[in-house]
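[1] Quick one, structure for this:
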Amino acid sequence: MRTALGEPDARAAVTFLGTDRIEVLRFTEGDIVRYATLGMSAVPMADPTSPLADPVKGPRAELLLSVRAGLADTDKVLRPLAVLAASPQVEGVIVAPGASLDVGEPLWPGAPFTSVLVAESGGLVEDLDLDAPLDPVRFLPLLPMTPNEAAWKRVHGAGALQERWLGSGTDLRDPLRRTVPLD
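    Below you'll find the predicted structure:
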């Protein structure tokens, strides 16, 4: 992450009962603030239907969220991001592109978003190859969704929502943006 994002200018750590420690790092570049989890990839994600979790093999990921600085108190997203990063260990989910993750409350004070869409890795931070037999660590961008967008995505799919955002010229980094037109 340091190669792609530079040195973090802040960090916080959260530990949930029965999970490993999750850190959230903050990187600031111009008017963009990026938050990245650290620790989610320490344990591979396991198929929740499997009777035994493989302690070595399985997908590994960290989460990235980018927002415009100074428009909202986005530093309050640290705990919600840590909750999302702990969800594979706590809830047995596999976080993958196209998935929706919901924290059930605004991501930060006054945020119109309670959930995020997990996007494809390989953009901002390249996947990190680990020694075999370990799977690489994927750095998955998170795109905040309003409740209406999340509901629309459940019906029409992640690709259709991303096309709506693109077609409307939506600034997904705007921490106060409104719902994209969904008619």
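
[2] quick one: contacts of the longest helix seen in the chain?
    Longest helix of the chain, by residue count under DSSP state H: helix 78-91. The contact list for helix 78-91 (C-beta atoms under 8 Å, 6 or more residues apart in numbering) reads 12, 14, 16, 18-20, 22-24, 26, 35, 37, 39-40, 43, 45-46, 48, 62-63, 65, 93-95, 101, 103, 105, 107-108, 116, 142. The C-beta positions use only the backbone N, C-alpha and C, and glycine is treated the same way.

[3] run the last query once more with 6 Å
    Identification of contacts with helix 78-91 by C-beta atoms under 6 Å, 6 or more residues apart in numbering yields 12, 14, 16, 19, 22, 24, 35, 37, 40, 45, 63, 93, 101, 103, 107.

[4] in the helix or strand bottoming out on mean pLDDT in the chain, what counts as buried?
    Least confident helix or strand of the chain, by mean pLDDT, DSSP states H and E, is strand 10-14 with a mean of 87. Neighbour counts over strand 10-14 (16 or more other C-beta atoms under 10 Å) mark Val14 as buried.

[5] What helices and strands are in contact with that strand?
    strand 22-29 (3 or more C-beta pairs under 6 Å, 6 or more residues apart in numbering; DSSP states H and E).

[6] The helix or strand following the longest helix of the chain - contacts with which helices or strands?
    Downstream of helix 78-91, the first helix or strand assigned by DSSP states H and E is strand 100-102. Judged by 3+ C-beta pairs under 6 Å, 6+ apart, strand 100-102 is in contact with strand 115-118.

[7] on that earlier part again, can you give me the angle the longest helix of the chain makes with strand 10-14?
    Following axes from the mean of the first three to the mean of the last three C-alpha atoms, to 10 degrees, one obtains 40 degrees for the angle between helix 78-91 and strand 10-14.

[8] Off-centre distance for helix 78-91?
    With C-alpha atoms, centre = their mean, to the nearest Å as the basis, helix 78-91 stands 9 Å off its chain's centre.
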